[in-house]
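Peer 1: Here's a sequence, model it:
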Amino acid sequence: MNAVLPDTARYVEHVMGMPISLALRGRHTDDAAARAAWAEVMISLREVDRVFSTYRADSYVSLLNAGELELEDCPVEVAEVLALGDLARIGSGGAFDIRRPGPDGERVLDPSGVVKGWAVERAARVLADLADTDHCLSAGGDLTCLTVDPDGRPWRVGVEDPADPRRILAVVPVFSGAVATSGTAHRGQHLVDARTGLPPVGVASVTVIAGSLTWADIDATAAYAQGRDAARWLETRPGRSGLVVWDDGTTTTVEPVL
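Peer 2: Predicted coordinates:
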């Protein structure tokens with residue numbers, strides 16, 4: 001997904017194994033304040049990678065998994081993310097779970113399904129302090145956007161076709177809010193239904209629009225894990241709307257429930 005307009009300034013770097021991009025429009029786009037805010041965003045995300053990466057043997061999550069640390073020895077953010085994971089597990093009926101079976105059958109802590117949206121939403125707080133400036137912060141295509149002027153222009157977010165990411169299936173206008181997509185188009189089959197340990201059947205991708213990127217990201221993954229029940233489950237989530245793409249190429253639009 002992307003959301004760039006002609007008069008925006010754009011910044012791009014890589015961290016947490018994915019591209020992070022920022023689009024700014026308004027008073028602060030390419031000045032010292034904008035560059036300082038972007039630097040703070042990247043500092044925040046690099047710290048998240050240091051704490052939560054499952055690919056780094058020295059991260060707090062890896063040391064916690066290895067039994068070399070207790071939860072109370074970790075930064076408080078770890079307990080916050082684990083609590084979000086528990087809420088997501090309960091809300092999804094167990095289809096989403098940050099604890100997955102490891103090679104030896106023991107449960108392995110992998111909070112990646114929570115961390116990305118949570119980390120980007122958290123990092124974006126500094127951008128809201130840029131006066132009279134709209135922003136759209138993207139991590140691997142999941143976005144959190146802010147439009148300061150209620151009469152301003154929305155960010156236009158394209159939803160890719162999972163069968164052909166060069167093709168846009170829909171364009172979502174977002175003034176202030178978040179959009180996240182879960183699927184296998186870019187990373188292959190890496191998602192499973194935690195209740196069975198098997199890849200979901202029947203669904204190709206799920207895009208969720210919500211007020212919070214933390215929950216848009218979680219619910220996109222949780223809905224995808226529901227397989228053929230993806231749209232039905234997403235319809236139960238208050239304030240969410242979305243687009244479910246099935247593996248036969250058909251789509252289902254989910255309207256928000258208040």
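
Peer 1: mind checking how far Tyr60 is from Leu198?
Peer 2: 30 Å (CB to CB, to the nearest Å). From N, CA and C alone the C-beta is placed, and that goes for glycine too.

Peer 1: out of these two, which sits in the busier spot?
Peer 2: Set Tyr60 next to Leu198 and count neighbours by other CB atoms under 10 Å: Tyr60 wins out with 20 against 10.

Peer 1: That one touches Val48, doesn't it?
Peer 2: No. If you go by CB atoms under 8 Å, Tyr60 and Val48 don't touch, sitting 10.6 Å apart.

Peer 1: pLDDT weak spots in the stretch 1-150 of the chain?
Peer 2: 1-6, 102, 105 (pLDDT under 70).

Peer 1: Using the three-state scheme, assign Leu169.
Peer 2: Assigned by DSSP: H, G, I helix; E, B strand; the rest coil, the conformation of Leu169 is strand.

Peer 1: and it, how many neighbours does it have?
Peer 2: Neighbours around Leu169, by other CB under 10 Å: 17.

Peer 1: Show me which positions of the biggest helix by length in the chain end up buried.
Peer 2: Secondary structure of the chain per DSSP state H: the longest helix is helix 32-52. Within helix 32-52, the residues that count as buried by 16 or more other CB atoms under 10 Å are Ala34, Ala37, Trp38, Val41, Met42, Ser44, Leu45, Val48, Asp49, Val51, Phe52.

Peer 1: repeat for stretch 238-251
Peer 2: Arg240, Ser241, Gly242, Leu243, Val244, Val245, Trp246, Thr251.

Peer 1: again with stretch 213-228
Peer 2: So for stretch 213-228, counting by 16+ other CB under 10 Å, buried means 213-227.

Peer 1: same thing with stretch 169-189?
Peer 2: 169, 172, 174-185.

Peer 1: can you give me the strands for the stretch 51-200 of the chain?
Peer 2: With strands called from DSSP state E, counting those that start in this stretch, the stretch 51-200 of the chain shows them at 99-101, 107-109, 133-139, 142-146, 155-161, 164-174, 177-183.

Peer 1: The ones you listed: which one's closest to Pro19?
Peer 2: strand 133-139 (7.8 Å; CB to CB).

Peer 1: which stretches of the stretch 151-258 of the chain form helices?
Peer 2: 213-225, 230-234 (DSSP state H, counting those that start in this stretch).
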